[in-house]
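[1] Here is the input, now give the coordinates:
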Amino acid sequence: MDTITLRPASIDDIVDVAGIFARSRAAALPFLPVLHSGAEDIEFFGGYLDRGLITLAERARVKLGFLVETPGWIEHLYLEPAQRGQGIGKLLVDAAKHRQEHLQLWCFADNLAGRAFYVRQGFTEIRRTDGDNEAGLPDILFGWQRPA
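    Numbers count the residues shown, from 1 in each chain. Predicted coordinates:
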């Protein structure tokens, strides 16, 4: 099996990033409303190239998933649906943990698999909301702190 590599995304990757996002959401988060077009998703993720870091996971130049981080935050983590459960999300989160002292992230309360994944990665629940997000759905703020 080919090795999984991680690398920063470039503008040339944004269409693929938006595609992974759409396919992953449809498969893993079917309860979420689709609020934006594919073109809007491309523009949205392109904006992170200037204000954050998009890390791509690849195997033999095939894009498997990505993580978007800003200082202190994991903004997005999405994998191609067929790539879930293979340790790729853990690789991406571990890379972010290596770069940052602490991280926070929001996870929809109904995303039971995502919640369990983040707990396995050492994140703990900080607080919940009733849905003060764009989707209007309850979510949970999780946090992680590098051990001293």
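[2] For stretch 48-61, buried residues please.
    Counting neighbours by 16 or more other Cβ atoms under 10 Å, one finds that the buried residues in stretch 48-61 are 48-49, 52-58. Where C-beta positions appear, they are placed from N, C-alpha and C, glycine not excepted.
[3] Sort out for me which of those residues are in strands.
    53-58 (DSSP state E).
[4] farthest-separated two in those residues?
    Leu53 and Glu58 (15.6 Å; Cβ to Cβ).
[5] ok, the buried residues of stretch 48-61 vs Lys90, which is closest?
    Closest to Lys90 out of the buried residues of stretch 48-61 is Ala57 (10.3 Å), distances taken as Cβ to Cβ.
[6] from what I can see Ile54 touches Asp16, true?
    No - if you go by Cβ atoms under 8 Å, Ile54 and Asp16 don't touch, sitting 10.6 Å apart.
[7] Quickly find the element holding the closest residue to Leu141 other than its chain neighbours.
    Nearest residue to Leu141, sequence neighbours excluded (Cβ to Cβ, 6 or more residues apart in numbering): Ile126, at 4.4 Å. Secondary structure from DSSP states H and E places Ile126 in strand 124-129.
[8] One more: Lys97?
    helix 88-99.
[9] Bridged to the most centrally placed residue in the chain, which residues?
    Centroid-nearest residue in the chain: Leu77, 1.0 Å away (criterion: Cα atoms, centre = their mean). For Leu77, the beta-bridge partners are Leu67 (DSSP bridges).
[10] same thing with Glu58?
    Thr5, Lys63.
[11] I'd say it and Leu64 touch.
    Yes - the pair Glu58 / Leu64 is scored as a contact, 6.2 Å apart, by Cβ under 8 Å.
[12] shared neighbours of the two, which are they?
    Common contacts of Glu58 and Leu64, defined by Cβ atoms under 8 Å, 6 or more residues apart in numbering, comprise Ile4.
[13] shaky segments in the protein?
    Scanning the chain with the threshold set as pLDDT under 70 gives 1.
[14] how about the helices of it, start to end?
    14-28, 38-51, 88-99, 112-120 (DSSP state H).
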